[in-house]
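**Student:** got a sequence here, can you build the structure:
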Amino acid sequence: MKTIVTRIAIAALALSFVTAAHAQSGDWYIAGSIAYVDDDPDRAVADAVAGFQIHAGRDLTEHLSFEGMFGYNDWEGWTSATESFPDQQVFDLSANLLVYFNRDWAFSPYLLVGAGYLPVNLDSAGSDNNASGTFGLGFNWRMGSSGRFSLRSEARNRIAFGSDARWTGDGNLTDFLFTVGLNYSFGDGPADIPEPMADTDGDGVLDMWDECPDTASGTQVSSSGCPLLGRDDDSDNDRIPDNRDECPNTPLGAAVNPQGCSLDSDMDGVPTDRDRCPASRVGAEVDIYGCENDRDADGVVDHKDSCPSTRPNVRVDIYGCEIEDIIHLPGINFLVGQDALLPGTEYVLQDAATTLNNHPDLMIEVAGHTDDMGPGDTNFGLSERRANTVRDYLIRFGVDESRLTAVGYGESQPIADNRTAEGRATNRRVELRLLNR
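**Tutor:** Just a heads-up that it's a prediction; the model follows:
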């Protein structure tokens with residue numbers, strides 16, 4: 001039996017080499033290891049280093065590998081004064097998926113999961129053949145400068161499903177396997193993995209810490225691997241040597257790109273060191289100073305300006321429109337017979353407060369109005385309360401209360417037809433009147 005097992009192992013190893021040799025582009029590997037097995041107690045065999053494994057696989061992606069595995073274990077059965085259990089030879093055939101955390105690490109751990117077939121020969125007692133599943137953890141630890149050889153070790157569970165061993169009855173058997181061995185990688189992929197102790201530019205700073213990995217030979221460098229530059233060879237002191245600096249006159253302290261030119265933080269075509277508006281809107285038209293165009297020079301950029309042709313030197317609101325004698329508050333309406341604003345209209349008052357704060361010299365009368373429903377005296381009091389409601393909101397949004405007076409006009413100044421519901425809703429309003437210009 002052991003002679004047959006040996007022949008099978010040699011054939012599987014040869015097949016692994018042939019498979020790897022026919023890979024066109026690299027990332028193939030083979031591995032061999034010895035195995036210590038902590039078997040399921042129901043097997044009634046002794047734990048021991050009693051087997052080996054052979055793997056042949058391919059690295060599919062940066063994080064995934066797929067492999068086929070052949071394993072063999074030869075266990076001695078327990079013997080006591082009253083019982084004797086048979087020796088067992090186990091052939092482990094499985095397909096496994098390996099999930100790496102980071103294959104570029106010299107010490108690279110992975111998760112393993114697989115499925116297969118587990119034939120078991122029982123000396124003088126027949127056989128027990130079952131489907132199997134396996135899962136566990138392992139690692140590859142690269143050795144040498146080529147990156148092709150690595151130490152490979154695993155700890156995993158192997159489950160034989162539905163075993164019908166004569167002394168245990170039907171059920172699953174779970175073995176714990178611990179392996180250690182060598183892995184050899186073929187092709188271009190593994191050879192491209194950077195050597196962790198490499199110093200590509202020979203400046204004495206390892207690549208893993210080198211912030212300037214292409215320093216010219218013989219250049220004195222700092223602990224970060226970058227040239228120790230002085231004013232003689234870096235005229236603008238931007239840490240880009242003059243012989244590589246495409247913009248040798250950048251301002252002192254300006255952030256630069258690898259070519260030594262000023263960065264353009266908002267990508268508007270104006271370098272950041274000359275950009276008066278370094279956070280302008282992406283895609284906006286800008287002037288020579290990097291600020292968005294404001295063709296009527298009213299302080300409101302064109303894409304926000306609802307009145308892009310206002311007269312020069314006039315006061316404008318936040319929408320770029322000229323402030324008239326009365327600032328209307330469209331959308332500010334009240335519930336019938338109440339001084340409470342309709343929900344969701346406060347944002348109009350916030351915009352109005354921003355306009356007033358932009359012109360702190362303006363004195364404002366907050367004028368309240370009602371429709372003609374109800375007695376006139378009642379409407380007069382109601383309009384004054386509505387004016388005070390708006391005044392309180394403006395103060396809450398930052399307007400100095402000394403600039404604001406509240407006056408109620410009742411139903412005396414309608415601007416719409418009180419005979420319709422729409423007209424009466426329009427007349428229930430508050431507006432801001434300029435007391436000075």
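**Student:** where do the strands sit along the protein?
**Tutor:** Listed in chain order, the strands of the chain (DSSP state E) span 28-38, 48-59, 64-75, 88-100, 107-122, 126-143, 149-163, 171-186, 326-327, 364-368, 404-408, 430-434.
**Student:** among the ones you listed, which comes closest to D339?
**Tutor:** Relative to D339, the nearest member of those by CB to CB is strand 364-368, separated by 8.4 Å. Placement of C-beta: from N, CA and C, glycine included.
**Student:** can you list the domains in the protein?
**Tutor:** Following automatic domain parsing, one gets these domains for the chain: 2-191, 324-434.
**Student:** of all the ones you listed, which one is nearest I240?
**Tutor:** domain 2-191 (29.0 Å).
**Student:** how about R428: what's its closest non-neighbour residue?
**Tutor:** F334 (5.0 Å; CB to CB, 6 or more residues apart in numbering).
**Student:** count of neighbours near that neighbour?
**Tutor:** 24 (other CB atoms under 10 Å).
**Student:** now do the one 10 residues further on
**Tutor:** As a burial measure, the neighbour count of G344 was computed by other CB under 10 Å and equals 8.
**Student:** which pLDDT does the model give it?
**Tutor:** pLDDT recorded at G344 is 77.
**Student:** I'd like to know how far it sits from I395.
**Tutor:** Note on G344: its distance to I395, by CB to CB, to the nearest Å, is 20 Å.
**Student:** re earlier: want to throw the domains of the chain into a markdown table with distance to S224?
**Tutor:** As requested, the domains of the chain are arranged in a markdown table below (distance: least, CB to CB, whole Å):
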| stretch | distance to S224 |
| --- | --- |
| domain 2-191 | 21 |
| domain 324-434 | 48 |
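**Student:** wait, which of the ones you listed is closest to C226?
**Tutor:** C226 lies closest to domain 2-191 among the domains of the chain, at 23.2 Å (CB to CB).
**Student:** going by mean pLDDT, which of the domains of the chain comes out lowest?
**Tutor:** For those, mean pLDDT drops lowest on domain 2-191, to a mean of 78.
**Student:** before we move on, back to that, put together TSV for the strands of the chain, with distance to A421 and mean neighbour count on each row.
**Tutor:** Output for these, formatted as TSV (distance: least, CB to CB, whole Å; neighbours: other CB atoms under 10 Å):
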stretch	distance to A421	mean neighbour count
strand 28-38	82	20
strand 48-59	75	20
strand 64-75	69	20
strand 88-100	69	19
strand 107-122	70	17
strand 126-143	73	17
strand 149-163	78	18
strand 171-186	79	18
strand 326-327	24	14
strand 364-368	20	22
strand 404-408	22	18
strand 430-434	19	20
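**Student:** ok, back up a step: between the domains of the chain, which one is closest to N249.
**Tutor:** domain 324-434 (39.2 Å).
**Student:** how long is that closest one end to end?
**Tutor:** End-to-end distance of domain 324-434: 8 Å, with CA to CA, to the nearest Å as the criterion.
**Student:** swap in stretch 332-343?
**Tutor:** 10 Å.
**Student:** okay, buried residues for it please.
**Tutor:** By neighbour count on 16 or more other CB atoms under 10 Å, the buried set for stretch 332-343 is I332, N333, F334, D339, L341.
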